[in-house]
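Q: have a look at this fold, sequence not included:
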């Protein structure tokens, strides 16, 4: 992530800082604020106690240099790892990386435009400065790339290097003993961090929107935690719009990247219209507080339009399938193009032969923040096309052969991807011929990368067969 010279100087400064008085840290070049908090509530007595313990026990360079602040940063990193259902090894890799990159500090500066715990660069697509300085966001971005590699089996230093692409890869191996020790110690004191929002209400639990025969838009709130794992049933649905029955397509999509699901529609004239979700601003009434606005035209001729965060930046992109079966990517450059998504760059082909599927379902099956694709073929097989956007240099869905993750999926009237359980791994809801709403949980980590098969589906509702559309 940095030029060789900067890596060399960073390694030297790290060695000096950790072998000499910690005050040397403050003699770095002056900045308005060298660090920002990792925990918005600050450090705790438990952080200070853990720092004291680690200063006695660490085997490497950080022994004697741990502070409550550094422990608070490690705590937030580990909480984020836990929130994704990942084991302590993922935390060991992440903490080791931050020892080398920032000595576990949320830095406001770095080489070139690098900032944060992992010294990620906005210019290289890691996010905005504000996003990267959010340790939950930064850790999730790191983990999303880490999951592309054989992180369970390869040496920790090797995995760190694969993610960071350093000019000095041996630094990670050298700091691994401290990284492992810190991760193991702090693991016991960290609660899972809440995942970024990805729903109508802005929490990590996918709500459902339905359009009935009268064109009413109804919101079924998830309430998974409140109602003991029984989503969509604990509260009456409520109307959040009307006149939604006449669109050619209606698609859930976080166009604005704020964690609240917006809605895109294609009308009869082929115009792409954005209904922004202003849930907080408009007192829990999404989609009604602002006029929809046109964000594209000529969208009526596609055989399929699929909302999917292909690039993993938190802004939903669009995939289209044309009459020739080409899969085209329209990137969402909402920030770069001043709030005008999908228009600032030419679409590019990311696949062909996609015209023959009965269904194409966008779903972050692997939980890495990059939307994968599930397809149902004419035989009812459920196939997974992994994204691999980072690994394959921005060419998603093509670097690995698809693999079968289920069969018998051809008989459902509706298939809805939705992170029902709020763990960052997309589950699948189906409506069967009797109108039952069935939940197929995604136990990707628990079941060794085989989603939707390790548990029996369970009924989470009935009477769902009469809706014209169901969105999540």
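A: Done, it's in. None of these values were measured; they are calculated from a predicted model.
Q: only C-alpha atoms for contact and neighbour calcs from this point on.
A: OK.
Q: hey, where'd the strands end up in the stretch 151-300 of the chain?
A: Assignment of strands within the stretch 151-300 of the chain using DSSP state E, counting those that start in this stretch yields the ranges 208-211, 217-220, 238-241, 249-253, 262-266, 272-275, 293-296.
Q: check contacts around residue 218.
A: 209, 210, 211, 212, 237, 238, 239, 240, 241 (C-alpha atoms under 8 Å, 6 or more residues apart in numbering).
Q: and the residues you listed, which are buried?
A: Among those, the ones that count as buried by 16 or more other C-alpha atoms under 10 Å are 209, 210, 211, 212, 237, 241.
Q: bridged to the third one, which residues?
A: Okay, so that is residue 211. Beta-bridge partners recorded for residue 211 (DSSP bridges): residue 217, residue 469.
Q: pretty sure it is touching residue 469, no?
A: Yes: contact criterion C-alpha atoms under 8 Å: residue 211 and residue 469 qualify, at 5.2 Å.
Q: for the most centrally placed residue in the chain, what are its contacts?
A: When C-alpha atoms, centre = their mean is applied to the chain, the residue found nearest the centroid is residue 369 (2.9 Å). With contacts defined as C-alpha under 8 Å, 6+ apart, residue 369 is in contact with 140, 141, 144, 309, 312, 313, 314, 424.
Q: could you dump the strands of the stretch 151-300 of the chain into JSON lines and include mean pLDDT?
A: Conversion of those to JSON lines gives the following (pLDDT from 0 to 100):
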{"stretch": "strand 208-211", "mean pLDDT": "97"}
{"stretch": "strand 217-220", "mean pLDDT": "96"}
{"stretch": "strand 238-241", "mean pLDDT": "94"}
{"stretch": "strand 249-253", "mean pLDDT": "97"}
{"stretch": "strand 262-266", "mean pLDDT": "97"}
{"stretch": "strand 272-275", "mean pLDDT": "97"}
{"stretch": "strand 293-296", "mean pLDDT": "95"}
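Q: what residues of stretch 365-380 count as buried?
A: Judged by neighbour count using 16+ other C-alpha under 10 Å, the buried positions of stretch 365-380 are 365-377, 380.
Q: revised request: answer the last question for stretch 51-68.
A: 51, 52, 54, 58, 61, 62, 63, 64, 65, 66, 67, 68.
Q: can you check stretch 287-297 too?
A: Buried residues in stretch 287-297, defined by neighbour count with 16+ other C-alpha under 10 Å: 287, 288, 292, 296.
Q: gap between residue 311 and residue 386?
A: Shown here: residue 311 relative to residue 386, a distance of 13 Å by C-alpha to C-alpha, to the nearest Å.
Q: not counting sequence-adjacent ones, nearest residue to residue 462?
A: Using C-alpha to C-alpha, 6 or more residues apart in numbering and skipping the chain neighbours, the partner closest in space to residue 462 is residue 436 (4.2 Å).
Q: domain map for the protein?
A: Structurally, the chain divides into domains by automatic domain parsing as follows: 4-187, 195-472.
Q: return the member of those domains having the minimum mean pLDDT.
A: Of all these, mean pLDDT reaches its minimum on domain 4-187 (a mean of 85).
Q: what does stretch 405-422 rub up against?
A: Contact partners of stretch 405-422, identified using C-alpha under 8 Å, 6+ apart, comprise 195, 204-207, 222, 224, 229, 231, 358, 361-363, 376-384, 425-433, 441, 450-453, 465, 470-472.
Q: circling back: for the buried residues of stretch 287-297, which one is nearest residue 136?
A: Relative to residue 136, the closest of the buried residues of stretch 287-297 is residue 287; by C-alpha to C-alpha it sits at 28.0 Å.
Q: hmm, that closest one is touching residue 242, no?
A: No: at 10.6 Å, residue 287 and residue 242 do not qualify as touching, with contact defined as C-alpha under 8 Å.
Q: now do the buried residues in the helix ranked longest in the chain.
A: Longest helix of the chain, by residue count under DSSP state H: helix 170-187. Buried residues in helix 170-187, defined by neighbour count with 16+ other C-alpha under 10 Å: 171-173, 175-184, 186-187.
Q: determine which two of those are furthest apart.
A: With distance counted by C-alpha to C-alpha, no two of these lie farther apart than 171 and 187, which are 23.3 Å apart.
Q: now do the contacts for residue 445.
A: When contacts are counted by C-alpha under 8 Å, 6+ apart, residue 445 touches 85, 86.
Q: apologies, that question was intended for residue 35.
A: With C-alpha under 8 Å, 6+ apart as the criterion, the residues that contact residue 35 are 105, 106, 107, 108.
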